[in-house]
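# what's the 3D shape of this:
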Amino acid sequence: MTKPKVFVTRRIPEEGLRLLEAACEVDVWPEDLPPSRDALLERVRGVEGILSMLTERIDAEVMDAAGPQLKVISNYAVGYDNVDIPAATARGIPVGHTPGVLTETTADFAFALLMAAARRLVEADAFVRAGRWKTWEPQRLLGVDIYGATLGLVGLGRIGRAVARRALGFGMRVLYYDPAVPSEDAPAGCSPAALDTLLRQADFISLHVPLTPQTRRLIDAAAFAKMKPTAVLVNTARGPVVDPQALYEALSSRRIFAAALDVTDPEPIPPDSPLLQLDNLVIAPHIGSASRATRGKMARIAAENLLAGLRGAPLLHRVGVAGD
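Purely as a prediction, here's the structure:
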């Protein structure tokens, strides 16, 4: 029996790849960088399944290039703003993603970024490596306290709730802005607030929203103007939620104390970006879910989503299905 052809846009951990290779004719993009647009359009021709990364725009053009036999798209991420969901729905193509499995790992990293920015950890490391540590100094590298501070969560989904649990363990007051979560459905210790109130009161602001037309540039110059001068912004959601020019101006003018990003706009951040010249900004290369265990689980779920779609069975996690 002929195996279904699938295209995987980057090599994924073996936990998922083995499942696919046992059941499919698998074409894996071999390079470290994503396929170009032309290469993507060429490699999807004739496939029944596409396993994509967040770096690929899977839109109507890609789906039509694949052909009418395309049965499923599986995105190796919890977010899916890189996939044109209406176009897939119009073609009867289910789209899978990998929610839940990366929640705790990403929340760990969000809190690590928060702490690193608050206590100027990256600056301190560079200070020592540059041979500048001569003695203990009472006013060197002063940061801001975490214990007893107010954390404002913009978005109270899985990851936002997991960050809230960590914050409560640090004795923080937790506010959240999420119109979809009424106060009675919020975890104990989390209080709802209007976005303006949250921006004005929070010592730390952590973003946990999907990228939508409503959240694009949600944190702009007007938002930064409302924040405390001691505030720290953390973004592990999507880069375009924050206006990069407004962020630069807020940090360079010390309008806010610091920021920590796992995502940028554009992504990757250009090496000549003025943001990289700032000492009050911590940037990581989108590694919030990057533990060996979590990335392996993501690979397995992405593969299982793809295989289910090829069989015509319900996906383990399908975009647009309640709970996912």
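# CA only for contacts and neighbour counts going forward, please
OK.
# what comes into contact with stretch 133-142?
Residues from elsewhere that reach stretch 133-142 (C-alpha atoms under 8 Å, 6 or more residues apart in numbering): Arg119, Arg120, Glu123, Ala124, Phe127.
# first to last residue in that stretch, what's the distance?
Terminal residues of stretch 133-142 are spaced 15 Å apart (C-alpha to C-alpha, to the nearest Å).
# tell me the pLDDT at the residue nearest the centre of the chain?
The centre of the chain sits closest to Ala237, judged by C-alpha atoms, centre = their mean, with a distance of 3.9 Å. pLDDT recorded at Ala237 is 97.
# and it, what does it touch?
Ala237 neighbours (C-alpha under 8 Å, 6+ apart): Leu207, His208, Val209, Pro210, Leu211, Asp262, Val263.
# now, these that are in strands?
Judged by DSSP state E, the subset of these located in strands is Leu207.
# can I get the contacts of Ala237 in JSON lines including distance to Leu315, pLDDT and neighbour count?
Listed next are the contacts of Ala237 as JSON lines, based on distance: C-alpha to C-alpha, whole Å; pLDDT from 0 to 100; neighbours: other C-alpha atoms under 10 Å:
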{"residue": "Leu207", "distance to Leu315": "28", "pLDDT": "98", "neighbour count": "25"}
{"residue": "His208", "distance to Leu315": "25", "pLDDT": "98", "neighbour count": "25"}
{"residue": "Val209", "distance to Leu315": "23", "pLDDT": "97", "neighbour count": "23"}
{"residue": "Pro210", "distance to Leu315": "21", "pLDDT": "94", "neighbour count": "18"}
{"residue": "Leu211", "distance to Leu315": "23", "pLDDT": "94", "neighbour count": "19"}
{"residue": "Asp262", "distance to Leu315": "29", "pLDDT": "98", "neighbour count": "22"}
{"residue": "Val263", "distance to Leu315": "28", "pLDDT": "98", "neighbour count": "24"}
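# returning to what we had before: for the residue nearest to the centre of the chain, grab phi and psi.
Dihedral angles of Ala237 (phi, psi; degrees, to the nearest 10) stand at phi -90, psi -90.
# begin at 190 from here
Taking 190 as the first residue, the last one we looked at is Ala426.
# ok, for it, nearest residue in space, not its chain neighbours?
Among residues not flanking Ala426 along the chain, His397 sits closest, at 5.1 Å (C-alpha to C-alpha, 6 or more residues apart in numbering).
# and for the residue nearest to Asp385 when sequence neighbours are not counted, the neighbour number?
Nearest residue to Asp385 in three dimensions, chain neighbours excluded: Lys415, at 7.3 Å (C-alpha to C-alpha, 6+ apart). Neighbour count of Lys415, defined by other C-alpha atoms under 10 Å: 16.
# ok, Lys415 - contacts?
Asp385, Leu388, Arg389.
# also Gly289?
Contacts of Gly289 by C-alpha under 8 Å, 6+ apart are Val267, Arg347.
# that one: which element?
Per DSSP states H and E: Gly289 is located in neither a helix nor a strand.
# what secondary structure does the closest residue to Leu505 other than its chain neighbours sit in?
Ranked by C-alpha to C-alpha, 6+ apart and with sequence neighbours excluded, the top spatial neighbour of Leu505 is Asn494, at 5.6 Å. Secondary structure for Asn494, judged by DSSP: H, G, I helix; E, B strand; the rest coil, is helix.
# can you map out the strands along the stretch 290-439 of the chain?
Secondary structure of the stretch 290-439 of the chain, counting by DSSP state E, counting those that start in this stretch: strands at 339-343, 362-366, 379-381, 393-396, 421-424.
# so where's the stretch 290-439 of the chain shaky on pLDDT?
By pLDDT under 70, the stretch 290-439 of the chain contains no weakly predicted segment.
# rewinding a little: pretty sure the residue nearest to Leu505 is touching Pro283, no?
No - using C-alpha atoms under 8 Å, Asn494 is not in contact with Pro283, being 9.4 Å away.
# of the two, who's got more company?
Taking other C-alpha under 10 Å, Asn494 and Pro283 do not tie; Asn494 has more neighbours (28 against 23).
# so that one versus Val398, what's the distance?
23 Å.
# then Val251?
Val251 is 27 Å from Val398, by C-alpha to C-alpha.
# how's this structure carved up into domains?
194-290+481-500, 292-472 (automatic domain parsing).
# tell me which of these lies nearest to Gly509.
Of all these, domain 194-290+481-500 sits nearest to Gly509, with 8.6 Å by C-alpha to C-alpha.
# so how far is that closest one off the chain centroid?
18 Å (C-alpha atoms, centre = their mean, to the nearest Å).
# what's the span of that domain from first residue to last?
13 Å.
# next: stretch 365-377.
Note: stretch 365-377 ends 12 Å apart using C-alpha to C-alpha.
# in that stretch, what counts as buried?
Within stretch 365-377, the residues that count as buried by 16 or more other C-alpha atoms under 10 Å are Tyr365, Tyr366, Asp367, Ala375.
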